[in-house]
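**Q** need the 3D shape of this:
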Amino acid sequence: MRLTLKTLLPLAAAAAMSMTLPATAQSTLDEVIKKAGEEGTVAINVSTTRFPATAGPGIGKALSEKFGVEIDVELINNSPVPVMAGQVIEETKAGITPSFDLFPLPLSFTKAIGEGGAIEKIDWAGIGVDADFIDPNGNAVWIDTVPRAVFYNTDLVTGDDIPTKLEDLLDPKWKGKIAGPGFGDAYGMVSAPVLGEEKAAEWLKAIYDDQGLTVIRSMSEVPNRVANGEFSIGMGVPANRTGLVTKGAPIANAPLEKVGGQPYYMFVMKDAPNPNAAALLTYFFCCTQEGKDALFENMGWAKFDYPGSEQNAIGGEGRGQVPTAEWQLNEQARVAKSFDKLIGR
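**A** Predicted coordinates:
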């Protein structure tokens, strides 16, 4: 064929389009597996959460065994979630290539990041992800649920004093003995899915004003200070989220009749270095038994229905209350802001 300007222009346009489209657009699972093997690596931003050095390699081994391709998995520690959420939006606007491929977050954060153009569009349904696990905007996939649990010091709280519902924390005997994290969103997810927004606000106001709630900036520091006896009761994360129970600390989850849960959804960063490996790992975690096992065994992450997990012990058999994806996207940030004010922020 003789190449002329007339024939070159369509070819150039097609080439440009192939460069700008995400590598996983319209791909089947088999195609994603092949391309993921060519990429050979994937990095997840896990914010400030620390995992054993064996976690990434353990996940990578399980992923490679499942799909027959060699893929290294790296867990990257970074700034706190609110800081990173803003940073990735600014970096995307500046055209900076992300330093990681995947970011697991609550949907309330993914909405802003998606609107900021920092999420790669993936055909999740096309590679086999169940529609129930894809957020309504099609950006992210549900892989984990963090129980917003209430926990207690087992040396200080025993027998009938162990709380079985959120209202038990309003008993005057707990005045000055309750600690929680320093942001309203945590309390919103502890209480709103269980009590409803209006009653949840009344409950938090009473906990803070009447019970003298001590607000601690770091979420992970709350169980540490309950375990060391500074406080009798804490809330926000499971008791063993950082391994305290495993290490023998005197701390346990309260057997609440209902407990709120914060779903975490994973998305692929815009212009991620390894978009296919990122999409494959997300599918692995979400939608295969081997992936769910690897996620729990290496990171301790699971949903309420995963047998043998702390999540299941806290919220299994229908006790775990997860708000709808629509509420998480459209209402959670508003509730979080109003609850910030209730704890003096």
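**Q** hmm, V42 and N274 touching each other?
**A** Yes: with contact defined as C-beta atoms under 8 Å, N274 counts as touching V42 (5.0 Å). The way it works is simple: take the backbone N, C-alpha and C, and place the C-beta from them, glycine included.
**Q** packing partners for the one helix or strand A192 maps to?
**A** Here A192 sits within helix 184-195, counting by DSSP states H and E. Contacts defined by 3 or more C-beta pairs under 8 Å, 6 or more residues apart in numbering; DSSP states H and E place helix 184-195 against strand 178-181, helix 197-209, strand 233-235, strand 259-268, helix 332-342.
**Q** can you redo those as a markdown table with mean neighbour count and mean pLDDT?
**A** Converted to a markdown table, the helices and strands packed on helix 184-195 look like this (neighbours: other C-beta atoms under 10 Å; pLDDT from 0 to 100):
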| stretch | mean neighbour count | mean pLDDT |
| --- | --- | --- |
| strand 178-181 | 23 | 96 |
| helix 197-209 | 17 | 98 |
| strand 233-235 | 28 | 98 |
| strand 259-268 | 25 | 97 |
| helix 332-342 | 18 | 96 |
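**Q** A140 is nearest to which of those?
**A** With C-beta to C-beta as the criterion, A140 lies closest to strand 259-268 of these, at 3.7 Å.
**Q** quick one, that closest one and helix 332-342 angle?
**A** 130 degrees (axes from the mean of the first three to the mean of the last three C-alpha atoms, to 10 degrees).
**Q** next helix or strand past strand 259-268?
**A** Reading on from strand 259-268 to the C-terminus, the next helix or strand found by DSSP H and E is helix 275-287.
**Q** need the contact partners of the very next helix or strand once past that next one.
**A** Once the chain leaves helix 275-287, the next helix or strand it forms, by DSSP H and E, is helix 289-299. By C-beta atoms under 8 Å, 6 or more residues apart in numbering, the list of residues contacting helix 289-299 from outside reads 46, 51-52, 54-56, 58-59, 62-63, 65-66, 75, 143-144, 281, 283-285, 301-302, 306, 309.
**Q** N274 and V42 - which one has more neighbours?
**A** In this comparison of N274 against V42, neighbours counted by other C-beta atoms under 10 Å, the higher total goes to V42 at 29 against 25.
**Q** tell me if the more buried one really is in a strand.
**A** Yes: counting by DSSP: H, G, I helix; E, B strand; the rest coil, V42 is located in a strand.
**Q** residue contacts, the closest residue to it other than its chain neighbours?
**A** Distances taken as C-beta to C-beta, 6 or more residues apart in numbering put A277 closest to V42, at 3.8 Å, once the chain neighbours are dropped. For A277, the contact set (C-beta under 8 Å, 6+ apart) comprises A36, E39, G40, T41, V42, I71, D101.
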